[in-house]
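[1] Next one to model:
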Amino acid sequence: MKQYVAILAVLLCATGRGRGAEEPLVVELWPGKPPEEPGTIGEERIFPSKPNKERSETIEVTRLITNVTKPTITIYRAVNYSSVKEKDTGAAMLICPGGGYHNLWWQLEGEEVATWLNSIGVTGILLKYRVPRRPDDAPGEHPARRPLQDAQRAVSLVRSKAKEWRIDPKRIGFVGFSAGGHLAIAAATSFDKRTYEPVDDVDKVSCRPDFAVPVYSGYLKSEENDGLASGLRVPAGTPPVFLAHGSADPVGPPEHSVVMYLALRRADIPTELHIYAGALHGFGVRPVSNPCGTWTRSCADWMRHQGFLKSNTP
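    Residues are numbered from 1 along each chain as shown. Down below sits the predicted model:
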């Protein structure tokens, strides 16, 4: 236990490398108590991961968060990233860490993703959505309704602040990992119906993301057949989607991304799928020995081709 405490202390200090001096902006999602939030799960908690080389490409200890009752967004502006100060594209992406809707892999699939996005001129907006599942969540419901409420609210809030935060309101995307990838897809395909009653003027602003990037997502494929999981659909107006997965993923097999890709194709939604031979789960944006470490370059190329990385400078 003492070893984990020592490692956690190091991890708490090892964030924000390569950024400017300005601290990221943290904004609460809701003006008061979040909808349907009982607030009975205890205090928010940070704890270290227990690496599993049989399941994950990343074997280093990383930092997780759980017991989230006050969802927030943390804005990492591309302009604060010294190496791309002149390359801020005006695009922004909400980042959804994974964790099975129980925890949030905050460092591996959150802060490090914001650093990558900043390096390509994109503002990274890290979504701290509510976990774990609450006792009144329906068994097998994916996503649990509170994370989806938070995701929909986050899109509207970011778009409502676009001018203030120097973001193009028509280039706001989602990138999510594992369960966070499922949440990104859920937000991208449920924009036509909010999962909560509007609380203020922010909720009058569209909650449709302009594109979505789910990475090694779970919960997309039905357990009974080769169709989409219950609760998922692909309505008209679904934004473009880029999917990435490892072929040897033991946590969420690649069939989840394949089924979603086929559903998007049938609906004539622009989509691209990358499956990396032999890759496991949990590679995030880190350089790893498997070619899955190149997915970020492919994704950036796709974003440029789709027009989301056009320059915001004169």
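
[2] Tell me which helix or strand the nearest residue to residue 228 once chain neighbours are set aside sits in.
    Leaving aside its sequence neighbours, residue 228 sits nearest to residue 263 (CB to CB, 6 or more residues apart in numbering; 5.4 Å). For glycine as for every other residue, the C-beta is placed from the backbone atoms N, C-alpha and C. Per DSSP states H and E: residue 263 is located in helix 255-266.

[3] Show me which positions of that helix end up buried.
    For helix 255-266, the neighbour count (16 or more other CB atoms under 10 Å) marks 256, 257, 258, 259, 260, 261, 263, 264 as buried.

[4] Spatially nearest residue to the fourth one (excluding sequence neighbours)?
    Of all residues beyond its chain neighbours, the one nearest residue 259 is residue 221 (4.4 Å), with distances taken as CB to CB, 6+ apart.

[5] wait, the one you found sits on residue 230?
    No: between residue 221 and residue 230 there is no contact under CB atoms under 8 Å: 10.6 Å.

[6] Which one's more surrounded, those two?
    Neighbours were counted for residue 221 and for residue 230 using other CB atoms under 10 Å; residue 221 has more, 23 against 13.

[7] hey, what's the more buried one bridged with?
    For residue 221, the beta-bridge partners are residue 228 (DSSP bridges).

[8] most centrally placed residue in this structure?
    Closest to where the C-alpha atoms of the chain average out (CA atoms, centre = their mean) is residue 96, at 2.2 Å.

[9] what residues are up against that one?
    Residues near residue 96 by CB atoms under 8 Å, 6 or more residues apart in numbering: 109, 127, 129, 151, 174, 175, 176, 177, 180, 181, 183, 184.

[10] from these, which single one is nearest residue 74?
    residue 127 (8.4 Å; CB to CB).

[11] quick one, phi psi at that closest one?
    phi -90, psi 120 (degrees, to the nearest 10).

[12] So what pairs up with it in the strands?
    When assigned by DSSP bridges, residue 127 has beta-bridge partners residue 73.

[13] circling back: tell me what the helix holding residue 263 is packed against?
    Where contact means 3 or more CB pairs under 8 Å, 6 or more residues apart in numbering; DSSP states H and E, helix 255-266 is packed against strand 241-246, strand 271-276.

[14] So what are the sheet partners of the last one and their directions?
    Strand 271-276 has the following sheet partners, assigned by DSSP bridges: strand 241-246 (parallel).

[15] can you give me how far the partner strand is from the chain middle?
    Relative to its chain's centre, strand 241-246 lies at 13 Å (CA atoms, centre = their mean, to the nearest Å).

[16] averaged over its residues, what pLDDT does it have?
    When pLDDT is averaged along strand 241-246, the result is 98.

[17] From residue 117, how far off is the residue nearest to residue 170 when sequence neighbours are not counted?
    Nearest non-adjacent residue to residue 170, counting by CB to CB, 6+ apart: residue 210, 6.0 Å away. Between residue 210 and residue 117 the computed distance is 15 Å (CB to CB, to the nearest Å).

[18] between these two, which one's more packed in?
    The residue with more neighbours, out of residue 210 and residue 117, is residue 117; 26 against 23, by other CB under 10 Å.

[19] Please look at the more buried one and residue 111 and confirm they touch.
    No: with contact defined as CB under 8 Å, residue 117 does not reach residue 111; the gap is 10.8 Å.

[20] what's near enough to touch the residue nearest to residue 228?
    By CB under 8 Å, 6+ apart, the contact list for residue 263 reads 227, 228, 232, 234.

[21] Can you turn the buried part of the residues you listed into a PyMOL selection?
    Buried members of the contacts of residue 263 can be picked out in PyMOL with the line below, counting by 16+ other CB under 10 Å:
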select buried, resi 228+232+234
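
[22] Can you flag which of the contacts of residue 96 belong to strands?
    If you go by DSSP state E, the contacts of residue 96 have 127, 174, 175, 176, 177 in strands.

[23] With pLDDT, distance to residue 90 and neighbour count added, can I get the residues you listed in JSON lines?
    What follows is these, written out as JSON lines (pLDDT from 0 to 100; distance: CB to CB, whole Å; neighbours: other CB atoms under 10 Å):
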{"residue": "127", "pLDDT": "98", "distance to residue 90": "20", "neighbour count": "28"}
{"residue": "174", "pLDDT": "98", "distance to residue 90": "17", "neighbour count": "29"}
{"residue": "175", "pLDDT": "98", "distance to residue 90": "17", "neighbour count": "28"}
{"residue": "176", "pLDDT": "98", "distance to residue 90": "21", "neighbour count": "30"}
{"residue": "177", "pLDDT": "98", "distance to residue 90": "24", "neighbour count": "30"}
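
[24] Format the residues you listed as a markdown table; extra columns: distance to residue 78.
    Converted to a markdown table, these look like this (distance: CB to CB, whole Å):
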| residue | distance to residue 78 |
| --- | --- |
| 127 | 17 |
| 174 | 17 |
| 175 | 14 |
| 176 | 19 |
| 177 | 20 |
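
[25] From the residues you listed, pick the one nearest residue 43.
    In terms of CB to CB, no member of the ones in strands among the contacts of residue 96 lies closer to residue 43 than residue 127, at 20.0 Å.
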